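1. Prediction below, plus the sequence it came from.
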Amino acid sequence: MSDPFTLSVVQAALDSASEEMFEVLRKTAMSPIIYEVLDVGTGVTAADGALVSSGAGIPSFVGVLDKSVKAILEKEGERIAEGDVFLTNDPNFGGVTHLNDMVVAEPVFFDGECVAWVASIAHWGDIGGSTPGSMATDVTSIVAEGLRLPIVRLISGGEWNDAVADIIRINSRLPDFVTGDLWAQVSAGRRAAGLIRSLCERYGGDTLRAAIDDAHETGRSRAMQGLDRLPKGTFDVVQAQDDGTTWRARITITSERFTVDLRDAPDQTTGPFNTSRDGALIACQILFKALTDSERYANAGSFEPLEVLTRPGSIFDPDPEAAHGYYFETRIRLIDALWHGLAEVGGFDLPAGSFATIFGLVIAGEHPDTGRKFAMVEPQMGGWGATPERPGNDAMFSTNHGDTFNCPVEVAEARYGFEIMTKHLGETNQEDGEHAGGRGVHTRYRMRSGAVMSAGFSHGVVPVWALPGATEGGLNALTLTRDGATTSQPTFVSKLVIRAGDEVEVATAHGGNANAVQERP
């Protein structure tokens, strides 16, 4: 058995491999959604698919990678060979999210045996389907959403599969971009795989496996310590949604388990507002991690005490034909609802509600100066909730988005050919004796050429929630101004034709307020 110092060195090196994978992807990708916004996730798993380490990026994406690798192992089993590279984007086959998000995974072999996997996931600007940007709101089946890759070999034993690459290119309106982003992900995986093989050459495969097992035990121990600090009991969650439905869930916390029961969820929708069971599990993992161990350390052991119950046929466990295009809004609504339920219970030190939306805005068209096709995909920032001790944070990304950034105005205008007229903080409201929620952001785009727009957001009807007794937060909104007339847009819209001279404004909500702690005399 290796000494603790050696195990710690190897564990740090595995973390570094995930980080270097992230940096290679960021520096070589074609699309601003990847290299500026960082709408990606990278990670290393054990040979059996258990998460070992992760790079920066989106927590909601990092949670995908172990599940993708396990799906590949289940399908391919003993056929997996050195030099293979797999792709999947289908939520029914390890893709977990929606078709725009491509997973690239590679087994790492040493002395003829698989010792680990390296994997990445990144949002591609267009993967086919009925509307530019591949995020239509009027589809009723995943078949209409774009190209589905249900675990395929891009590289087999070191040999590139031209047919797969050709299928991807011919099904995208942005063939150069998806090809460039694909190669960036492949290159990122190769970098991390090389680092892991070097570790094995220096320390041996047995030491690598021992370091992984030790890291998992550390993650489990930290999770159990965090779980021990939480209030125990059963807590009911009830939250109204913009579409008029009410979501209900139940959280049961014991000294050994943290169980989230989602079996009372609404039936799956006919539109693209479902998330896979694995997607619902990831939402609960994010909440569980925030409650039990909010430091960066996360691996498979970190989630061992978590149990999630779902009902087949519900929005959190839909059938294989269900559409998933706006899964991210369903997933963040789930985190928001569970967060809300616990924030109202004594002993859970949580802030008030945030703007709680990804607000994925897609504008696709042709650049007015170059004629080159583009698809801008950008999540938005908004206000976070206050606590009894402080106001909320302004202009933050959602809980799902983690270490991401907004695309700089200069880059957006150069790459997409429209103008960003304003980008400023919004207003907030505050009563005496309250801490105010953080401010949202107002962004106004002015089109220089025609384009097609899609968007989806939450808290457009039901305001952001506050801590008990305090003032509610705001609403998210989307407007279109044409010929001097401004019209509000629905919370989900796609295939909206916008013209040169039109202005689109995104206004994100301010967070919920909290009654301030009274200062002692």
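-> All right, it came through fine. Numbers count the residues shown, from 1 in each chain.

2. going forward, measure contacts and count neighbours with C-alpha atoms only.
-> Fine.

3. Does anything pack onto the host helix or strand of M453? Which helices or strands?
-> Assigning secondary structure by DSSP states H and E places M453 in strand 451-456. With contacts defined as 3 or more Cα pairs under 8 Å, 6 or more residues apart in numbering; DSSP states H and E, the packing partners of strand 451-456 are strand 360-366, strand 492-498.

4. Give the rounded mean pLDDT of the next helix or strand after the first one.
-> Meaning strand 360-366. Sequence-wise, the next helix or strand beyond strand 360-366 is strand 373-378, with elements assigned using DSSP H and E. Predicted confidence along strand 373-378 averages 93 (mean pLDDT).

5. For strand 373-378, which strands pair with it and how are they oriented?
-> Each strand that pairs with strand 373-378, with its direction, by DSSP bridges: strand 360-366 (antiparallel).

6. got a list of contacts for the strand it pairs with?
-> In this structure, residues lying in contact with strand 360-366 by Cα atoms under 8 Å, 6 or more residues apart in numbering are 132-133, 135, 372-380, 416, 449-457.

7. ok, back up a step: tell me which of the helices and strands packed on strand 451-456 sits most buried.
-> strand 360-366 (a mean of 22; mean count of other Cα atoms under 10 Å).

8. Next, please give the residue ranges for the strands of the stretch 351-500 of the chain.
-> Under the criterion DSSP state E, counting those that start in this stretch, strands of the stretch 351-500 of the chain are mapped to 360-366, 373-378, 419-425, 434-435, 441-446, 451-456, 477-482, 485-488, 492-498.

9. and G125, which of those is closest to it?
-> Between G125 and those, the shortest gap by Cα to Cα is with strand 373-378, which sits at 5.7 Å.

10. Pull up the gap between the spatially most central residue of the chain and D403, please.
-> A centroid search over the chain (Cα atoms, centre = their mean) returns S60, at 3.5 Å, as the residue closest to the centre. Here S60 is placed at a distance of 11 Å from D403 (Cα to Cα, to the nearest Å).

11. Same check on L182?
-> With distances defined as Cα to Cα, the gap from L182 to D403 amounts to 21 Å.

12. Look at those two and report which has more neighbours.
-> Set L182 next to D403 and count neighbours by other Cα atoms under 10 Å: L182 wins out with 24 against 17.

13. Tell me the buried residues in the helix or strand hosting the more buried one?
-> Taking DSSP H and E as the definition, one finds L182 inside helix 175-203. Applying a neighbour-count criterion of 16 or more other Cα atoms under 10 Å, the buried positions in helix 175-203 are 175, 177-179, 181-193, 195-197, 199-200.

14. packing partners for it?
-> In terms of contact count using 3+ Cα pairs under 8 Å, 6+ apart, helix 175-203 is assigned the packing partners helix 4-28, strand 101-110, strand 113-123, helix 162-170, helix 205-229.

15. could those go into TSV alongside distance to P150, mean neighbour count and mean pLDDT?
-> Compiled in TSV, these are given as follows (distance: least, Cα to Cα, whole Å; neighbours: other Cα atoms under 10 Å; pLDDT from 0 to 100):
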stretch	distance to P150	mean neighbour count	mean pLDDT
helix 4-28	23	20	95
strand 101-110	11	26	98
strand 113-123	15	26	97
helix 162-170	12	14	97
helix 205-229	29	19	96
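
16. would JSON lines of the ones you listed with distance to I335 be doable?
-> Shown next, in JSON lines, are these (distance: least, Cα to Cα, whole Å):
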{"stretch": "helix 4-28", "distance to I335": "26"}
{"stretch": "strand 101-110", "distance to I335": "20"}
{"stretch": "strand 113-123", "distance to I335": "21"}
{"stretch": "helix 162-170", "distance to I335": "33"}
{"stretch": "helix 205-229", "distance to I335": "18"}
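
17. Endpoint to endpoint, stretch 107-118 covers what distance?
-> Stretch 107-118 has an end-to-end distance of 7 Å (criterion: Cα to Cα).

18. Any of the contacts of strand 360-366 buried? List them.
-> Taking 16+ other Cα under 10 Å as the criterion, what is buried in those is 132-133, 135, 373-380, 416, 449-457.

19. Y445 reaches A500, doesn't it?
-> No - the criterion here is Cα atoms under 8 Å, and Y445 misses it with A500 at 11.0 Å.

20. between these two, who's got more neighbours?
-> Per other Cα under 10 Å, whichever of Y445 and A500 has more neighbours is Y445, with 19 against 14.

21. Next up, the contacts around the more buried one.
-> So Y445 contacts F418, E419, I420, M421, T422, E503, V504, E505 (Cα under 8 Å, 6+ apart).

22. now with 7 Å?
-> Shown in contact with Y445 (Cα atoms under 7 Å, 6 or more residues apart in numbering): F418, E419, I420, M421, E503, V504, E505.

23. mind putting the residues you listed in TSV, neighbour count included?
-> TSV is the format used below for the contacts of Y445 (neighbours: other Cα atoms under 10 Å):
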residue	neighbour count
F418	21
E419	18
I420	18
M421	13
E503	23
V504	23
E505	21
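
24. how many other residues sit next to T370?
-> Applying the criterion other Cα under 10 Å, we find 10 residues in the vicinity of T370.

25. which residues touch stretch 332-340?
-> Contacts made with stretch 332-340 from outside it, assessed by Cα under 7 Å, 6+ apart, are listed as V237, Q239, A283, C284, L287, G353, A356, T357, N400.
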